[in-house]
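[1] I would like to see how this sequence folds:
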Amino acid sequence: MAIEGKDLAAIRRDYSRQELSESSVAADPFVQFANWIEEYLHSGPLEPNAMTVSTADSDGRPASRVVLLKGFDDRGLVFFTNYESRKGRQLVENPYAALHFFWPELERQIGIQGTAEKVDRAESESYFLSRPLESRIGAWASRQSSVLESRQELEQRITKIRNRFGEDVPCPPFWGGFRVIPERFEFWQGRPSRLHDRIVYTKQADCWAIARLSP
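    The predicted structure follows:
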């Protein structure tokens, strides 16, 4: 049976909630990001810190997945993962990443590109120990991105880890955080007739240049 996309092509939505201008944004993109995060939190989203992380291997072949942002400050944005996972290996091979936030409730998107580096071990361990027990056990049991023969195999690993550590589960040596250090921010506000507002920040020495992009 042929699958047709004509129904998808017919979907239309006009954006008209808000506008975005050079004069209304903060001079610092981290401040602007914090302002938009705060507004989004108040909109009642299901996963307010969900973001798409795009990476590429040493041959430039890209991959994307949704992860959870776990912190940000003027040094960058932090998420945690298994360092032996596909994204972990790619970030070691090619330490550049693109982050993307899509917030349909506010008709907004944010795109961020920059370099990625591992956070220090103390920061990874501190966050890991704040996680629920079952999540800590799961981090040890999952050989993230590797082929799994069955669900039963995973459950057997979970049992072994639970028996090994009890409730005192330490941070695995192969698990930790990455910090994406931005070189570029783009704030996108939906507008009517697809004439969207796009404000971009680009890093220039010790300051940020702000410009408007065509929709």
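
[2] Was I right to think Phe101 contacts Met51?
    Yes. Contact criterion C-beta atoms under 8 Å: Phe101 and Met51 qualify, at 5.1 Å. Where C-beta positions appear, they are placed from N, C-alpha and C, glycine not excepted.

[3] Return the set of residues that bridge with the residue positioned nearest the centre of the chain.
    With distances taken as C-alpha atoms, centre = their mean, the residue of the chain nearest its centroid is Met51 (3.5 Å). Met51 forms beta bridges with Val67, as assigned by DSSP bridges.

[4] got the contact list for it?
    66-69, 79, 99-101 (C-beta atoms under 8 Å, 6 or more residues apart in numbering).

[5] Repeat the analysis, applying 6 Å as the threshold.
    69, 99, 101 (C-beta atoms under 6 Å, 6 or more residues apart in numbering).

[6] same deal with Ile137?
    Contacts of Ile137 by C-beta under 6 Å, 6+ apart are 158, 161-162, 169.

[7] Share the number of residues neighbouring Val200, please.
    By other C-beta atoms under 10 Å, 17 other residues sit near Val200.

[8] nearest residue to it other than its sequence neighbours?
    Nearest-residue entry for Val200: Glu186, 4.7 Å, with adjacent residues in sequence omitted and distances by C-beta to C-beta, 6 or more residues apart in numbering.

[9] longest helix in this structure, by residue count?
    Ranked by number of residues, the top helix in the chain under DSSP state H is helix 151-165.

[10] Which is the succeeding secondary structure element to that helix?
    strand 175-189 (DSSP states H and E).

[11] coming back round to it: okay, buried residues for the longest helix of the chain please.
    Buried positions in helix 151-165, judged by neighbour count with 16 or more other C-beta atoms under 10 Å: 157-158, 161-162.

[12] Could you provide these in TSV, with additional columns for pLDDT?
    Listed next are the buried residues of helix 151-165 as TSV, based on pLDDT from 0 to 100:
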residue	pLDDT
Arg157	95
Ile158	96
Ile161	97
Arg162	96
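
[13] Pass me the low-pLDDT residue ranges in this structure, would you?
    1-6 (pLDDT under 70).

[14] what are the ranges of the helices in it?
    Going by DSSP H, the chain shows helices at 6-9, 29-41, 86-93, 121-130, 133-141, 151-165.

[15] what about those helices, which gets the closest to Gly111?
    helix 29-41 (11.2 Å; C-beta to C-beta).

[16] The closest one - contacts with which helices or strands?
    The contact analysis (3 or more C-beta pairs under 6 Å, 6 or more residues apart in numbering; DSSP states H and E) places helix 29-41 against no helix or strand.

[17] Residues contacting stretch 33-41, please?
    For stretch 33-41, using C-beta under 6 Å, 6+ apart, the contacting residues are 48, 103.

[18] Could you number the chain from 34 rather than 1 from now on?
    With the count now opening at 34, the last piece we talked about shows up as stretch 66-74.

[19] so how far is that stretch off the chain centroid?
    15 Å (C-alpha atoms, centre = their mean, to the nearest Å).

[20] Neighbours of the nearest residue to Arg190 once chain neighbours are set aside, how many?
    Spatial nearest neighbour of Arg190, excluding adjacent residues (C-beta to C-beta, 6+ apart): Ala174 at 4.0 Å. A total of 18 residues lie near Ala174 under the criterion other C-beta under 10 Å.
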